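K.L.:
Structure, please.
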Amino acid sequence: MRERSPNKPSGGERGGHEAPRYVHGVNPVLEALRAHPDAVERLFIVDGQVGAKAAGELLSRARDAGVRVEKVGRERLNSMAEGGVHQGVVAELRGFQYVELEDVLDAAKAKGQPALVVVLDGIQDPHNLGAIIRSAHALGAHGVVLAKDRAVQVTGTVAKSSAGAVEYCPIARVTNISRALEQLKEAGLWVAAADVEGAEPLWSARLDGPLALVVGAEGAGVREGVLKHCDFRLRIPMGGQVGSLNASVSAAILLYEVARQRGRPSR
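P.N.:
Next up is the predicted model:
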């Protein structure tokens, strides 16, 4: 991959706190308490439903952080978790704090690594978003970028599907995906889109330099208007009768190939 001369991104959606949110499930709640105890307002637990070891850590961390603990009935948690599998525990947190595009690039610079950013074009399914964030964090991406409108935002379901990775993976929210890609290119990144019609097979591309990976919405893929802002299009070669992959699976495959070319992901 050739070098691209970097310039500082010219702007983007400001980070900030949203409305309060509920995170459910033992692992997501524990990760919230471990990573951002000051953001946890209250902890709700169904007495006797959480395993002794997990309950011990939950209550200990809540006590150390001064978090109020309430023992409630299962029906109340069902409502808070909106039908999700809560495992007997829900945490009320201050609204999710999105970061700026520049913060994602600064995270790469702080580690002395070529930037790796996952850009999502219109992902609608919260389970897919959570799975993508989990893969991004596990495979060395420095952050995820999503659109403010016409795309799912970070919710309790997303946090649960990410297994708590939303508490560690910087997530930037922008008003315009195409403009964000141009800003990333100005900062020295190359932009590659996952595209079933792409001419270049994934494994023949060089992906070890500063890179933004663009993954499109379920079914529709990356929009043509967004593809015009991409430097190249990557195709995941497949056999069988299925013509495309789930968005989160595509993202994981792309990220794994980047990690393979760069060497073992490091934190």
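
K.L.:
what sits up against the host helix or strand of residue 249?
P.N.:
Taking DSSP states H and E as the criterion, residue 249 maps to helix 247-262. Outside helix 247-262, the residues that touch it by C-beta atoms under 8 Å, 6 or more residues apart in numbering are 114, 116, 118, 120, 123, 125, 127-129, 131-132, 135-136, 139-141, 192, 194, 202-203, 206-208, 211, 213, 215-218, 234, 236, 244-245, 265. Using the backbone N, CA and C atoms, a C-beta is placed for each residue, glycine as well.

K.L.:
Show the buried residues in those.
P.N.:
Neighbour-count burial within the contacts of helix 247-262 applies to 114, 116, 118, 120, 123, 125, 128-129, 131-132, 135-136, 139-141, 192, 194, 202, 207, 211, 213, 215-217, 234, 236, 265; the criterion is 16 or more other C-beta atoms under 10 Å.

K.L.:
Which ones among the residues you listed map onto helices?
P.N.:
Per DSSP state H, helices hold the following members of the buried ones among the contacts of helix 247-262: 128-129, 131-132, 135-136.

K.L.:
Listing partners with orientation, what would you give for the helix or strand residue 144 falls within?
P.N.:
Here residue 144, judged by DSSP H and E, is contained in strand 143-147. Strand 143-147 pairs in its sheet with strand 116-121 (parallel), strand 171-174 (parallel), by DSSP bridges.

K.L.:
Of the ones in helices among the buried ones among the contacts of helix 247-262, which is the nearest to residue 149?
P.N.:
residue 129 (14.8 Å; C-beta to C-beta).

K.L.:
Point out where the stretch 1-150 of the chain drops to low pLDDT.
P.N.:
Residues of the stretch 1-150 of the chain meeting the criterion pLDDT under 70: 1-18.

K.L.:
can you give me the helices for it?
P.N.:
Per DSSP state H, counting those that start in this stretch, the stretch 1-150 of the chain has helices spanning 26-35, 52-65, 74-80, 101-111, 126-138. These are given in chain order.

K.L.:
Out of those helices, which is closest to residue 152?
P.N.:
helix 126-138 (5.0 Å).

K.L.:
one step back: now the helix holding residue 249: mean pLDDT?
P.N.:
The average pLDDT for helix 247-262 rounds to 94.

K.L.:
gap between the residue nearest in space to the middle of the chain and residue 31?
P.N.:
The centroid of the chain falls nearest to residue 133 when counting by C-alpha atoms, centre = their mean (2.7 Å). Residue 133 is 12 Å from residue 31, where distance means C-beta to C-beta, to the nearest Å.
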